[in-house]
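J.: What would the 3D arrangement of this be:
(chains A and B)
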Number of protein chains: 2
Amino acid sequence: MRPLDSLLILDLSRVLACPFASMILAELGATVIKVEQPGAGDETRSFEPQLARDSAYYFACNRSKQSVTVNFRKPEGQAIVRELAAQADVLVENFPVGTLARSGLDYAALKALNPRLVYVSCTGFGQTGPYAHKKGYDTVFQAMGGIMSLTGERGGAPVKPGLPVADLGSGLWVAIAILASLAGRGKTGTGCRVDFSMLDGQVSLLTLAAARYFALGEVPARLGTEHPGRVPSATFKCRDGRYAHVTASDQHWGPLCEALDLAQWGSDARFAGNALRVEFRDEVMRGLTNAIGGLARAELIARLDAAEVPVGPVNDVAEILNDPHVAARGLVGEFEYPGVGQFRGLGLPYKFEGYDDPRVGAPPALGEHTESVLSARLGYSFERIAGLRAQKVI
Amino acid sequence: MRPLDSLLILDLSRVLACPFASMILAELGATVIKVEQPGAGDETRSFEPQLARDSAYYFACNRSKQSVTVNFRKPEGQAIVRELAAQADVLVENFPVGTLARSGLDYAALKALNPRLVYVSCTGFGQTGPYAHKKGYDTVFQAMGGIMSLTGERGGAPVKPGLPVADLGSGLWVAIAILASLAGRGKTGTGCRVDFSMLDGQVSLLTLAAARYFALGEVPARLGTEHPGRVPSATFKCRDGRYAHVTASDQHWGPLCEALDLAQWGSDARFAGNALRVEFRDEVMRGLTNAIGGLARAELIARLDAAEVPVGPVNDVAEILNDPHVAARGLVGEFEYPGVGQFRGLGLPYKFEGYDDPRVGAPPALGEHTESVLSARLGYSFERIAGLRAQKVI
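T.: Predicted coordinates for the structure are as follows:
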């Protein structure tokens, strides 16, 4: 048993943010019907790297779903989506503002059929406001949303965080919107519509940087790997050329100095307390850079782990995916895919007591569930399904 | 009416990730009782920048909650937490593994009092696995989790994304865990326990980078502001020294070239299609860098917006927080705080139809709700409360 068993989600979304959201819910137990255009389907199926007739990109965000092809530019296709929406708990979509209204699939139309429906729209800039019709991608939201201005070397050019953080953050925000709306429905009996904006989602994450600006009028700047209000918190290069990150609060400062054979610093009044270390940032950083530069990374980490000082290697993707702790937590799972064989996927970061843990499931081939969904959920006959296929509705 | 009205969350967590999670739920309507140690409370109250006797950092993650001081190292304090947990829907905590068991406040103990309780534990590395007792902060999870290895200039040192993405991502993951568990309880009638690991949460976001590794055995590298599989997607410096990010798919390539007076490129067979542009990445980037370097940022953005090519300024924190679209979306709200006056906060990225929109509320002063909660929820008398205060239990 999983927490979202019996939930039915109709997913009209494509690419990354919303498919990531619905995959999370699918692996928590929900039945997710992914509605795709006949022929090509979700455009990420054609992205690199290709695997069989799909892609690793598509696999990463569409596991554990069902795929139904429906051309909802045709009236018969719209009718199918409406019939499915009448049964669904949730509809999630990420079309440009106004697109689904032209197909009679907007909230007003579907609410009339199913007042319990939770309808979540995810767009770049939201349904309202001066940029409502502007085009956007993850990178544009990162640029506009402020995080890129905060990322990069001190005095250098802005750098993009190495993951699509605006898309991924949006996926998490959308999952929250869906589940919160369902909680509300549990009390009221009725659904709702959520207008989610990916730019808003990115801006909402400015939290502490915004707090500094609100409090001090100070515009935070790029600091490489350092922290505006804490010293030391930085990445250091070790003797073997590898990097590690060390962050120390006041209770860690003495043990850190001890572990690095800098015991005299631990008792040096100039550095006693974070506020003083922020003041003497350059001197502290020079001393630590020298001391750490003399140690191999493994030695540094062993010493600081023993001293209970927070430290971690700057792992590359292969290192972390093969880390023994990640293995022990069962975070990398596998599924079987026709033409590909066993393939790996990253599971959800939850272990439950009271439910089965989330499992890494297989993504659907394009239209794999069209017949079964139309016949089992909507009661369509074999002849009718064949007719719809001949008319390229499905 | 808001979607989480009537939900009661007991929040034993401190610092950033879980307080951010519970603030999100609070501004969706939940009653969140933040339990803090008498005297100092959440350590972020003393972080910079200070405001009255609290801090902008604390404000950023603790709005719309109630604060109750309880020393649950004392048996009388433990009894108060147990009585509150008996009434609560959710308990969230981020103590080191085993800490709350020593106070009789672990899941086994509280489940016996309240089988409907959803109990979410958030730790750096989870309750199990070789690193379960290792110390960690956001920066350590970023380093270990792979994102830092992907962030930085091509061939340069790793850079830290400019926001605490591991903490913030964890906050969003924790909010999902809470709400999914409540959805499950709606069916089963019983609660559950979730073991969430912040490292796991960060690793789960590797999605596409992991997919490349799983598919190709390729370890993704740092690319500055560029994209491994898409050209152009990069940040460019404009004539006025400001930066903008441009990302073009195939349908945008012609309009982009046109808008930059590079019309001959739009029809150049060498660049026809993303795969070819990835192959000729250096040449495409040189040409665009030159063309864009001749335009002021505002001019570039006006031209590309008109051509419907995705583009955005690399806004600093002040620029985005004062952006007219952010204002139109009502994303920056205000609250009143004693000794500070009006102060700004970033609201949630949702607009509802069917519920009131989330509001930016005020954070509580330390222990502001101790008396009211103990008397109204637990029925404690004035004398009993005074006695507990004299014994420094509250």
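
J.: hey, let's count contacts and neighbours off CA atoms from now on
T.: Will do.

J.: Please tell me how far A:Leu91 sits from A:Arg193.
T.: Applying Cα to Cα, to the nearest Å, the value for A:Leu91 to A:Arg193 is 9 Å.

J.: Same question for A:Ser249.
T.: 44 Å.

J.: quick one: which of the two has more around it?
T.: Shown here are A:Ser249 and A:Arg193; by other Cα atoms under 10 Å in any protein chain shown, A:Arg193 has more neighbours (26 against 16).

J.: The residue minimising distance to the centre of chain A: helix or strand, and which one exactly?
T.: Centroid check for chain A by Cα atoms, centre = their mean gives A:Leu168 as the closest residue, at 2.5 Å. Per DSSP states H and E, A:Leu168 falls inside helix A:165-188.

J.: again with A:Val32
T.: strand A:31-36.

J.: Which strands and helices lie in contact with that strand?
T.: strand A:8-11, helix A:17-27, strand A:66-69 (3 or more Cα pairs under 8 Å, 6 or more residues apart in numbering or on different chains; DSSP states H and E).

J.: For chain B, which of those is the nearest?
T.: helix A:17-27 (8.2 Å; Cα to the nearest Cα).

J.: Helices of the stretch 51-200 of chain A, start to end?
T.: Listed in chain order, the helices of the stretch 51-200 of chain A (DSSP state H, counting those that start in this stretch) span A:56-61, A:75-87, A:107-113, A:138-145, A:165-188, A:198-204.

J.: What separation is there between A:Leu321 and B:Val15?
T.: Applying Cα to Cα to A:Leu321 and B:Val15 gives a distance of 28 Å.

J.: before we move on, back to that, intersection of neighbour lists for A:Leu91 and A:Arg193?
T.: A:118-120 (Cα atoms under 8 Å, 6 or more residues apart in numbering or on different chains).

J.: among these, which are within reach of chain B?
T.: Among those, no residue sits close to chain B (Cα under 8 Å from any Cα of the partner chain).

J.: could I get these as CSV with neighbour count?
T.: Below are the shared contacts of A:Leu91 and A:Arg193 laid out as CSV (neighbours: other Cα atoms under 10 Å in any protein chain shown):
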residue, neighbour count
A:Val118, 30
A:Tyr119, 30
A:Val120, 26
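
J.: I'd like to know which of those are part of strands.
T.: Secondary structure from DSSP state E places A:118-120 of the shared contacts of A:Leu91 and A:Arg193 in strands.

J.: Now do the helix holding A:Leu168 and helix A:17-27, the angle between them.
T.: 50 degrees (axes from the mean of the first three to the mean of the last three Cα atoms, to 10 degrees).

J.: List the buried residues of helix A:165-188.
T.: If you call a residue buried by 16 or more other Cα atoms under 10 Å in any protein chain shown, then helix A:165-188 has these buried ones: A:165-186.

J.: Which ones, among those, also lie beside chain B?
T.: Okay, of the buried residues of helix A:165-188 touching chain B (Cα under 8 Å from any Cα), that's A:168-169, A:172-173, A:175-177, A:179-186.

J.: And those residues, which is closest to chain B?
T.: Nearest to chain B among those, with distances taken as Cα to the nearest Cα, is A:Gly184, at 4.0 Å.

J.: For the closest residue to that closest one other than its chain neighbours, grab phi and psi.
T.: Closest residue to A:Gly184 apart from its sequence neighbours, by Cα to Cα, 6 or more residues apart in numbering or on different chains: B:Pro3 at 4.0 Å. Here is the backbone geometry of B:Pro3 (degrees, to the nearest 10): phi -60, psi -30.

J.: Likewise for the one 10 residues further on?
T.: Backbone torsions for B:Ser13, taken as degrees, to the nearest 10, come to phi -90, psi 160.

J.: do you know how far it is from B:Ser22?
T.: 9 Å.

J.: cool, A:Ala52 as well?
T.: In terms of Cα to Cα, A:Ala52 sits 43 Å off from B:Ser22.

J.: between these two, which one's more packed in?
T.: Applying other Cα under 10 Å to A:Ala52 and B:Ser22 shows that B:Ser22 carries more neighbours, namely 31 against 11.

J.: wait, what's in contact with the more buried one?
T.: B:9, B:11, B:32, B:62, B:175.

J.: if we go to 7 Å?
T.: B:Val32 (Cα atoms under 7 Å, 6 or more residues apart in numbering or on different chains).

J.: Provide the backbone phi and psi angles at the nearest residue to A:Met198 once chain neighbours are set aside.
T.: Sequence neighbours aside, A:Gly124 is the residue nearest to A:Met198 in space, at 4.8 Å (criterion: Cα to Cα, 6+ apart). Note on A:Gly124: backbone dihedrals following degrees, to the nearest 10 are phi -60, psi -40.

J.: SS state for A:Gly333?
T.: strand (DSSP: H, G, I helix; E, B strand; the rest coil).

J.: Run through the bridge partners of it.
T.: A:Gly345 (DSSP bridges).

J.: ok, it touching A:Phe343?
T.: No: using Cα atoms under 7 Å, A:Gly333 is not in contact with A:Phe343; the gap is 8.4 Å.

J.: Run through the stretch 151-300 of chain A and note the low-pLDDT ranges.
T.: Within the stretch 151-300 of chain A, no stretch has pLDDT under 70.
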